[in-house]
Structure formats: C-alpha cells, structure tokens
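Q: Just a sequence and a predicted model for now, questions to come.
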Amino acid sequence: MNNQLLSDIDSKLDIYQIISLLPITPYHDIAHVFFSSGELSIQLGKIVYRGQVKALDPVKKNLTLIRKELKKIRLTNVKALHILDEANLKLKDSSFDGAVISFAIRNSSNITSILNESNRFINKGGWLSVIDEHPTNNNSISCNSYKQIAEKSGFHFHAKHNLSDTIYMMLFRK
C-alpha cells in the first residue's frame, strides 16, 4: 500500500481517543506493530514512561523518520525495529503487557501469523488492540472474521470501538 495514504489515515485518527481506550499504565511494555507515521508510538512512549515501547514496521523509511523524531524529542523508551518476517517478530516470549496492531489488513500478507506472534510475546492477562478500516471492498475482511481469527490465535474479545466512520478498534485479552 502507498505509504503516504497510510500516513493520511494516521493523521485522521485521534491519538488521545485511542490511548484513552487502551488499558495501559506507566510501567507497561507495549509493542506497536505497523506503526506507519509513528505518532501513536511516540504518544504511547510518553504515557508508559516507566515502561518501553517497541515500534515495528516493515518500511525502512518509517524507521528512519521515527528514529529522527525520537532523537529530536529525546524519548528514550521507544525503540524502532524492522520487521523482516511477520511470522517471527524477534520479541521475547511473554515479554509485553500489550500490543497495538495498526492496519494489518493493508500491511500484512498473513494476519494469522501476526496474531499468533502477538499471542506468543504478550503476557498472560495482557491485551491486544487491533486498529483497522471497516470493510469497503473485496480485499477487506469483516470485523467478525477478524475477531474469529484473533480468537483462534488465543485471544478473547473484549470490546469494539468506532474511532471514525471508516476506522474501528477491537480490544482483546489474552
């Protein structure tokens, strides 16, 4: 997908609305998969000032941009990592309290592998937030299908929130 289009979608999201819906505390360790512009990752880093945020993305340009921004604002608890293989995100088992996956339908070639990986690296009792677009064409999957895939990966559905007319967020527990 066009990286500029994803940045445009990111800019339409209310970052503070998303953060208010997440069960985060200052000491949490969070993974943000497919961070795109990095705005949400940076705000998460400010909220979890005693924890850490691992921001992962397959686009090297995004990594460069977020690293420059992190250096500029001196935010040291956010680390940007490159995704080489969706089936192996190279994060330690049960090492994160939660994860945010942004627009996996557009960014991932295999949603099931991303969700299985998330189940591996999230602690028991942790949470998973999935942010994506409502289905508008044949390339998208329905919210119910997405929910079923997450449940097969070991998560339990908790809540769904509409962030805008076109974007939703589902929250799962492990």
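A: Here it is on my side, so go on.

Q: Same question for Ser109, what's its three-state structure.
A: What DSSP: H, G, I helix; E, B strand; the rest coil gives for Ser109 is coil.

Q: ok, now which ones touch the residue nearest to it when sequence neighbours are not counted?
A: Among residues not flanking Ser109 along the chain, Glu86 sits closest, at 6.7 Å (CB to CB, 6 or more residues apart in numbering). C-beta here means a position set from N, CA and C on the backbone, and glycine is covered the same way. For Glu86, the contacting residues are 108-110, 113-114, 117, by CB atoms under 8 Å, 6 or more residues apart in numbering.

Q: Most neighbours of all those, which one?
A: Counting neighbours by other CB atoms under 10 Å, the top entry in the contacts of Glu86 is Ile114, with 25 neighbours.

Q: Check which helix or strand it maps to.
A: helix 111-121 (DSSP states H and E).

Q: what helices or strands is that helix leaning on?
A: Under the contact definition 3 or more CB pairs under 8 Å, 6 or more residues apart in numbering; DSSP states H and E, helix 111-121 sits against strand 29-33, strand 96-102, helix 104-107, helix 143-152.

Q: To Asp132, which of those lies closest?
A: helix 104-107 (5.4 Å; CB to CB).

Q: All set, thanks.
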